[in-house]
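Q: Can you look at this prediction? I've put the sequence above it.
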Amino acid sequence: MSGAIDAETPGQALALALRLGSDWLLPSDDRMAEARILLAHAAGVDRARLPLLVPEDYTEAVMARYFDAVLRRRNGEPISHILGYRDFWNHRFKITPDVLDARPETELLVEVALREPFVRVLDLGTGSGCILISLLAERPAARGVGTDISEKAVLVAGENAAAAGVADRIVLPVSNWWDDIGGRYDLIVSNPPYIAAAEMGGLATELAHEPRAALTDEGDGLSAYRAIAARAAEFLTPGGRILLEIGPTQAAAVSGLLEAGGLTGIIVHLDLDGRDRVVEARAPSEPPQNGKNLHP
């Protein structure tokens with residue numbers, strides 16, 4: 001695949017370019033849409049403006065960038081890595097091979113979190129920062145802490161926080177779960193690695209381009225939840241909530257871990273495909289002392 005497009009009208013040029021690209025992508029229901037995304041990226045325009053390109057816009061340089069992107073996608077590289085970003089909730093987040101790709105189903109966690117007020121929020125394993133930054137952007141009075149064991153991930157999250165205008169309300173320490181965490185939070189969120197090591201071999205090829213430590217605990221997929229649930233009650237304010245994204249078969253196990261950790265009010269939220277996706281739990285309210293509620 002090389003060379004500029006030879007066509008007489010804008011419509012012919014676009015149709016030919018999309019057909020050339022989609023023919024090289026692996027067969028799927030999404031390959032024409034992916035070809036459109038990659039073509040717009042190569043041409044440096046918004047997808048909605050592709051029909052406005054004239055045949056002369058499909059230069060050899062544009063087509064070379066397009067075909068390079070198509071071949072990268074054919075080899076299993078995630079589109080977010082090719083583009084360098086992922087649109088998530090209401091912002092565009094920088095995505096690199098050092099962070100987990102922000103997936104649409106994770107927006108459910110953000111949606112559930114925003115159903116109640118919060119002032120202090122902690123994101124364990126923040127990665128690109130997409131969850132925490134989305135929450136802070138929606139709550140101008142809130143402040144947050146986003147931890148990650150990866151220094152490179154923390155740097156990406158910092159760039160995303162600056163781009164979203166919340167850098168002055170966020171702290172991003174390098175930390176392994178509860179290490180070096182202090183204080184209490186109204187809301188704790190996390191999308192931890194939940195894929196069992198035995199399941200890794202059967203996953204989509206594109207996941208090989210993502211950080212393995214963000215996908216699997218190299219065990220049964222529940223190690224992170226054990227660590228989080230064991231101490232969550234220590235870091236939640238009375239009545240504070242914790243929201244955890246889970247794999248579709250883990251609701252019962254994760255709910256049990258949270259209950260064993262002293263949390264109550266456990267709810268499992270389903271994603272748009274009807275699969276278990278987010279487990280919500282709550283710290284118990286402190287009992288009244290001398291007849292007075294100290295935490296109204």
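A: On my side now, so go ahead.

Q: Next one: the closest residue to Gly158 other than its chain neighbours, what pLDDT does it get?
A: Nearest non-adjacent residue to Gly158, counting by C-beta to C-beta, 6 or more residues apart in numbering: Leu172, 5.6 Å away. Just so you know, the C-beta spots here come from the backbone N, C-alpha and C atoms, and that holds for glycine as well. pLDDT recorded at Leu172 is 97.

Q: what does Gly3 give?
A: The predicted local confidence for Gly3 is 51.

Q: So Ile133 sits against Ala161, correct?
A: Yes: using C-beta atoms under 8 Å, Ile133 is in contact with Ala161, at 5.5 Å.

Q: between these two, who's got more neighbours?
A: Neighbours were counted for Ile133 and for Ala161 using other C-beta atoms under 10 Å; Ile133 has more, 31 against 25.

Q: shared neighbours of Ile133 and Ala161, which are they?
A: Ile170 (C-beta atoms under 8 Å, 6 or more residues apart in numbering).

Q: Helices along the stretch 101-250 of the chain, start to end?
A: In the stretch 101-250 of the chain, the helices defined using DSSP state H, counting those that start in this stretch lie at 107-113, 130-138, 151-164, 223-235.

Q: Please compute how far the helix or strand where Ala252 lies lies from its chain's middle.
A: Assessed by DSSP states H and E, Ala252 sits inside helix 251-260. Averaging C-alpha positions (C-alpha atoms, centre = their mean, to the nearest Å) puts helix 251-260 23 Å from its chain's average.

Q: Which residues does the next helix or strand after that helix contact?
A: Downstream of helix 251-260, the first helix or strand assigned by DSSP H and E is strand 264-270. Residues outside strand 264-270 that contact it (C-beta under 8 Å, 6+ apart) are 108, 112, 251, 255, 258-259, 276-284.

Q: what about 7 Å?
A: With C-beta atoms under 7 Å, 6 or more residues apart in numbering as the test, strand 264-270 has contacts from 108, 112, 251, 255, 258-259, 276-282, 284.

Q: Which residue ranges make up the domains of the protein?
A: Domains of the chain are assigned by automatic domain parsing as 10-75, 89-282.

Q: any idea which of those is most buried?
A: Looking across these with neighbours counted as mean count of other C-beta atoms under 10 Å, the highest average goes to domain 89-282: a mean of 19.

Q: Can I get the longest strand along the chain as PDB, trimmed to CA atoms?
A: Looking across the chain with DSSP state E, the single longest strand is strand 236-245. Written as PDB, here are the backbone C-alpha positions of strand 236-245 (Å, rounded to 0.1, in the frame of the first residue of the first chain):
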ATOM      1  CA  LEU A 236     -13.000   5.600  54.700                       C
ATOM      2  CA  THR A 237     -15.000   8.200  56.500                       C
ATOM      3  CA  PRO A 238     -18.100   7.000  58.400                       C
ATOM      4  CA  GLY A 239     -20.600   6.100  55.700                       C
ATOM      5  CA  GLY A 240     -18.000   6.600  53.000                       C
ATOM      6  CA  ARG A 241     -18.100   4.500  49.800                       C
ATOM      7  CA  ILE A 242     -15.700   2.300  47.900                       C
ATOM      8  CA  LEU A 243     -16.300   1.400  44.300                       C
ATOM      9  CA  LEU A 244     -14.400  -1.400  42.600                       C
ATOM     10  CA  GLU A 245     -14.500  -2.400  39.000                       C
END
